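Novice: Coordinates for the following, if possible.
(one chain, ligands or ions: 2)
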Amino acid sequence: MSSPYLVPVARLLRDVPSTLEVAFDAPFDEPHEFAPRAPVETDVFPEAVVNVRVRLESFIGGLRARGHVEAPWHGVCRRCSAPVLGLASVAVNERFIDERGPGDEETYLIEHDFVDLAPLAHDAILLDLPLAPLCRSDCRGLCCICGIDRNEATCECQAPLDPRWATLDGLQLANPDSEGSNEG
Ligand SMILES: [Zn+2]
Ligand SMILES: [Zn+2]
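Specialist: Numbering: from 1, shown residues only. Ligands and ions are numbered 1, 2, ... in the order given. A predicted model of the protein is given here:
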């Protein structure tokens, strides 16, 4: 079982500088090798197909990977809770190196003359996911009283005076700082 994410780079590392174009489609995380994320509203299915297009360029002791990764994501609208689908399209520009030294925390490692583009694609896409997507920019959301989808229908609901505000008013009256403004 060979993964298209695993790219042999022995020749690139020997002939510096040289380049290799890499392009493939592959599941986001079919082997489930990445830790499951805590329940999140926007995510990428493990089977979702990622498009990877990067150019690997060698330098002494490493490679730079520059290009694009794209993956479809799914989520729910923050206003009306309808399902939302989108495409994350992310520019990547990362280093792979033989050994990490000081200042090399933000790099990936070359292992046994291979680079693994899966963690790179995974990290780049997850960072690009919208936290609170909208089904459309002008989504009107749900009525907070009757729950009707206000994109599809209208209702006659009037927002009542919230009893919690009355309690807050009482607290403000009891606060000596606001006494002056409440007299009169
Ligand atoms: Zn919506
Ligand atoms: Zn309503």
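Novice: Sketch out the helices for the protein, chain order is fine.
Specialist: Listed in chain order, the helices of the chain (DSSP state H) span 10-14, 117-128, 163-174, 179-182.
Novice: looking at these, which has the lowest confidence?
Specialist: Comparing mean pLDDT across those, the lowest value falls on helix 179-182: a mean of 44.
Novice: Can you tell me which residue sits nearest the middle of this structure?
Specialist: Here the mean C-alpha position of the chain is nearest to the C-alpha of L129 (Cα atoms, centre = their mean), at a distance of 2.3 Å.
Novice: Not counting sequence-adjacent ones, nearest residue to that one?
Specialist: In space, and not counting its chain neighbours, L129 is closest to T42: 4.7 Å by Cβ to Cβ, 6 or more residues apart in numbering. For the C-beta atoms, the positions are set from N, CA and C on the backbone; glycine is no exception.
Novice: Now do the contacts for the one you found.
Specialist: Under the criterion of Cβ atoms under 8 Å, 6 or more residues apart in numbering, the contact list for T42 reads 73-76, 129-133.
Novice: swap in E111?
Specialist: Contacts here follow Cβ under 8 Å, 6+ apart; on that basis E111 touches nothing.
Novice: got it, and R150?
Specialist: 80, 140-143.
Novice: one more time with 6 Å
Specialist: R150 makes contacts with 140-141, 143, as judged by Cβ atoms under 6 Å, 6 or more residues apart in numbering.
Novice: Next one: the nearest residue to S58 once chain neighbours are set aside from ligand 2, what distance?
Specialist: Using Cβ to Cβ, 6+ apart and skipping residues adjacent in sequence, the residue nearest S58 is L12, 4.2 Å away. According to Cβ to the ion, to the nearest Å, L12 stands 62 Å off from ligand 2.
Novice: so L12 makes contact with I60?
Specialist: No. Counting by Cβ atoms under 6 Å, L12 stays clear of I60, with 11.6 Å between them.
Novice: and E106, what pLDDT?
Specialist: Per-residue confidence (pLDDT) for E106: 86.
Novice: How many residues are close by it?
Specialist: Each residue near E106 was counted by other Cβ atoms under 10 Å, and the total is 8.
Novice: quick one: it from C77, how far?
Specialist: Computed with Cβ to Cβ, to the nearest Å, the distance linking E106 and C77 is 34 Å.
Novice: Just give the closest residue to V16, not the sequence neighbours.
Specialist: Here the nearest residue to V16 in space, its sequence neighbours aside, is S58; by Cβ to Cβ, 6+ apart that works out to 4.9 Å.
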